[in-house]
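Chemist: sequence? don't have it. structure:
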């Protein structure tokens, strides 16, 4: 806070590759500035008591000593800044303190130093506390890992793991880095990372992320990433970078605070100069010093940065990565949310529910032909077909037609697989209509220009989707579904979720083109998987990736990444962003109001130095306390509990809506 625009402490690398600031004090009484303030306050109090007993000389000396002790917390920093050509808030306070002493107002100078040191110490502690909450994620990585090398099990530190190593993960143990299960089956607890309490069943071929707790049997996991490059380290690194990014509110505060400091010095000089010409020079010099204190933008400089750090840190600890202050502010202004269907509103585990064939083609042959084309596709529907068909030989010359389907050849016979409309259903028209009416997605198999089968795949709606949509509407947010699927399937699922606005049979570029019309001049967010919906995610004011844990593209490109699969996290993070934005605006408004009120009162002599110091620093403490409220994120986790370092954050009474922000059952 000794600078006008209080930047964060320099980052340093840690053992898993993320960067962190200095650990800082763990307890309030360990804060250096508060220690100086406490000693100075004791000296000032002792001087006052001695002064009432008649020993004025001793009282003055104790007050002077108190001023010097309090000044130690900010004067050296102000001097260093001056050497580098930077004039900050600390400079103003230093000038005011020295001037007050020179004018004989020693107790007032001591009070200024004590209160300013307290405000600095509280800010330091608040920033350290919120950053420590984020870095506590890294404590999820165990200090050691059991590894099989040359048939022998050895114990290594996470940093000593190599890609390809086989980790042995026993029940109750945490994964030291990312990997893939090679043998054994278990359930993985990802609650500390994604904010969801329901364990995930996992077996051979499934991914294991750093920090995951093995809740079942022992498994062998092949390491796929170094500890420094694990998903957990990457999350912490990205969020720490995000905390540095400035939003519109923070840029506004910076734009005001940066030129305000030299302007205040000029104003103070003007008050002293003009006042001296009109009257008592010492009186107007004293008023000029009071103006220096009254107009110092201490509170304004920290109004937004501290709120951003607290809010982003709170979100990240519960599985929602918000990419900087700009994204946080924009998220708080969202009034329309568009949702992709597959993988967002649905479970993303589609299954083949029906295979209808003609012309003597068996179900197995139809599935085999479809799977041959889908063999190298990563689309969720492709996985359903491949699972139903079993092992197949991939088709040749496979070409994807975005938004329509695939075509290729098997044994020289041309095949096509795609949606009705791209392929004429012919005799299958009634079957297609019936299956789509039941909420299934239907693809047609065409062999040598003849349609031979219709395959119905259905991805069930997420059970929490209706509740999530209800909560979004409760926040005053309009909800729409955008999907490339057929209209009947889309409308069936939308009705189940409680969504009335549906746009179906869209190509990726169509989704992006629709967003401005749906927004209608309001801020709009697109929620998708971060890959297939890339054009829409980029076009929306805010792109939100669902289920992004371990997905590099989604984490890196989305403005917001929801690491878990519970859709109820969406309205909760939106509600949290709105609250954080309100706190930012409150802080900026209070900071500017204090300056606007105190400066004329100080310049005209209505308020003296002691009164201005008290009001000014008290307002700064209010801004700090208000900003810390953004660290509270009620109900974002699946159980309502805080999973990481519960000692760090004490719940406070915030702006809660029990209907919209309540613990997920």
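Modeler: Alright, I've got the coordinates. On a predicted model such as this, the values are computed, not experimentally measured, just so you know. Residues are numbered from 1 along each chain as shown.
Chemist: ok, residue 300 to residue 527 distance?
Modeler: Taken as Cβ to Cβ, to the nearest Å, the spacing of residue 300 relative to residue 527 amounts to 35 Å. Bear in mind the C-beta positions are built from the backbone N, C-alpha and C, glycine included.
Chemist: quick one: buried residues of the longest helix along the chain?
Modeler: Taking residue count as the measure and DSSP state H as the definition, the longest helix of the chain comes out as helix 569-603. Using 16 or more other Cβ atoms under 10 Å as the burial criterion, the residues of helix 569-603 that qualify are 569-588, 590-592, 594-595, 598-599, 601-603.
Chemist: so for residue 336, what's the pLDDT?
Modeler: With respect to pLDDT, residue 336 has a value of 95.
Chemist: pretty sure it is in contact with residue 517, am I right?
Modeler: No. At 10.5 Å, residue 336 does not count as touching residue 517 under the criterion of Cβ atoms under 8 Å.
Chemist: residues contacting the helix or strand where residue 387 lies, please?
Modeler: When elements are assigned from DSSP states H and E, residue 387 belongs to helix 380-389. Helix 380-389 is touched from outside by 342-343, 348-352, 355, 364, 367-368, 370-371, 374-375, 392, 441, 443, 455, 457, 459, with contacts defined as Cβ atoms under 8 Å, 6 or more residues apart in numbering.
Chemist: among those residues, which are in strands?
Modeler: Using DSSP state E, 351-352, 355, 441, 443, 455, 457 are the members of the contacts of helix 380-389 that sit in strands.
Chemist: looking at those residues, which is nearest residue 234?
Modeler: Minimum separation from residue 234 among the ones in strands among the contacts of helix 380-389 (Cβ to Cβ) is found for residue 351, which lies at 32.3 Å.
Chemist: number of residues surrounding the residue nearest to that closest one when sequence neighbours are not counted?
Modeler: The spatially closest residue to residue 351, leaving aside those adjacent along the chain, is residue 384, at 5.4 Å (Cβ to Cβ, 6 or more residues apart in numbering). Using other Cβ atoms under 10 Å as the criterion, residue 384 is surrounded by 21 other residues.
Chemist: what's the answer for residue 60, then?
Modeler: Around residue 60 there are 16 other residues, counting by other Cβ under 10 Å.
Chemist: residue contacts, it?
Modeler: When contacts are counted by Cβ under 8 Å, 6+ apart, residue 60 is found next to 47, 51, 106.
Chemist: in helices, which of those fall?
Modeler: Using DSSP H, the members of the contacts of residue 60 that fall within helices are 47, 51, 106.
Chemist: check contacts around the second one.
Modeler: It stands for residue 51. Remark: with contacts taken as Cβ under 8 Å, 6+ apart, residue 51 is in contact with 58-60.
Chemist: what's the answer for the last one, then?
Modeler: For residue 106, the contacting residues are 60, 63-64, 67, 100, by Cβ under 8 Å, 6+ apart.
Chemist: residues near the closest residue to it other than its chain neighbours, how many?
Modeler: The shortest distance from residue 106 to any residue that is not its chain neighbour, by Cβ to Cβ, 6+ apart, is 4.5 Å, and that residue is residue 63. If you count neighbours by other Cβ under 10 Å, residue 63 ends up with 26.
Chemist: doesn't residue 63 fall inside a helix?
Modeler: Yes. Secondary structure assignment places residue 63 in a helix (DSSP: H, G, I helix; E, B strand; the rest coil).
Chemist: who's more crowded, residue 336 and residue 517?
Modeler: For residue 336 and residue 517, the more surrounded residue by other Cβ under 10 Å is residue 336, and the numbers stand at 22 against 8.
Chemist: tell me which element that one falls in.
Modeler: In this structure, residue 336 is located in strand 334-340 according to DSSP H and E.
Chemist: show me what that strand pairs with in its sheet, parallel or antiparallel.
Modeler: The partner list of strand 334-340 in its sheet, established with DSSP bridges, is strand 478-482 (parallel), strand 523-528 (parallel).
Chemist: tell me the mean pLDDT for the shortest one?
Modeler: Summarised as a single mean, pLDDT over strand 478-482 is 94.
Chemist: quick one: residues contacting residue 571.
Modeler: Residue 571 is in contact with 468, 471-472, 474-475, 477, 660, counting by Cβ under 8 Å, 6+ apart.
Chemist: which SS class is the closest residue in space to it that isn't next to it in sequence?
Modeler: Leaving out its chain neighbours, the residue that sits closest to residue 571 by Cβ to Cβ, 6+ apart is residue 471, at 3.7 Å. Look at residue 471: counting by three-state DSSP, its state is helix.
Chemist: correct me if wrong: residue 471 contacts residue 568.
Modeler: Yes. Contact between residue 471 and residue 568 holds when scored by Cβ under 8 Å: they sit 6.8 Å apart.
Chemist: what's the distance between residue 153 and residue 168?
Modeler: Residue 153 is 6 Å from residue 168, by Cβ to Cβ.
Chemist: who touches both of these two?
Modeler: In terms of Cβ under 8 Å, 6+ apart, residue 153 and residue 168 are both contacted by the residues 146-147.
Chemist: neighbour-wise, which of these two wins?
Modeler: Each of residue 153 and residue 168 had its neighbours counted (other Cβ under 10 Å), and the higher figure belongs to residue 168 (15 against 10).
Chemist: bridging residues for the more buried one?
Modeler: Note on residue 168: beta-bridge partners residue 146, residue 220, judged by DSSP bridges.
Chemist: that older thread, the contacts of residue 571, buried ones only, as a ChimeraX selection?
Modeler: Typed into ChimeraX, the line below selects the buried ones among the contacts of residue 571, using 16+ other Cβ under 10 Å:
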select :468,471,472,475,477,660
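Chemist: partner strands of the strand or helix carrying residue 400 and their direction?
Modeler: Residue 400 belongs to strand 396-401 when elements are defined using DSSP H and E. In the sheet containing strand 396-401, its partner strands are strand 405-410 (antiparallel), by DSSP bridges.
Chemist: helix 380-389 and the helix or strand following the strand it pairs with, what's the angle between them?
Modeler: Moving toward the C-terminus from strand 405-410, the first helix or strand encountered (DSSP H and E) is strand 413-418. Regarding strand 413-418 and helix 380-389, their directions subtend 130 degrees when assessed with axes from the mean of the first three to the mean of the last three Cα atoms, to 10 degrees.
Chemist: in strand 413-418, what counts as buried?
Modeler: For strand 413-418, the neighbour count (16+ other Cβ under 10 Å) marks 415-418 as buried.
Chemist: picking that back up, how far does the strand holding residue 336 sit from the chain's center?
Modeler: Mean C-alpha position of strand 334-340 versus that of the full chain (Cα atoms, centre = their mean, to the nearest Å) differs by 18 Å.
Chemist: also stretch 484-494?
Modeler: The mean C-alpha position of stretch 484-494 is separated from the chain mean by 32 Å, Cα atoms, centre = their mean.
Chemist: can you tell me the centre-most residue of this structure?
Modeler: residue 322 (2.6 Å; Cα atoms, centre = their mean).
Chemist: might you report the residue contacts of it?
Modeler: With contacts taken as Cβ under 8 Å, 6+ apart, residue 322 has the following neighbours: 239, 242, 311-312, 315-316, 328, 331, 559-560, 573, 577.
Chemist: what do you get for residue 408?
Modeler: With Cβ under 8 Å, 6+ apart, residue 408 has these contacts: 372-373, 395-399, 414-415.
Chemist: bridge partners for it, pull those for me.
Modeler: residue 415.
Chemist: likewise residue 482?
Modeler: Following DSSP bridges, residue 482 is listed with bridge partners residue 340, residue 503.
Chemist: quick check: it touching residue 535?
Modeler: No. Between residue 482 and residue 535 there is no contact under Cβ under 8 Å: 11.1 Å.
Chemist: hang on, residue 505 in a strand?
Modeler: No. When classified by three-state DSSP, residue 505 is found to be coil rather than part of a strand.
Chemist: next, count neighbours for it.
Modeler: By other Cβ under 10 Å, the residues close to residue 505 number 16.
Chemist: now the residue nearest to residue 351: how far from residue 345?
Modeler: Using Cβ to Cβ, one obtains 17 Å as the distance from residue 384 to residue 345.
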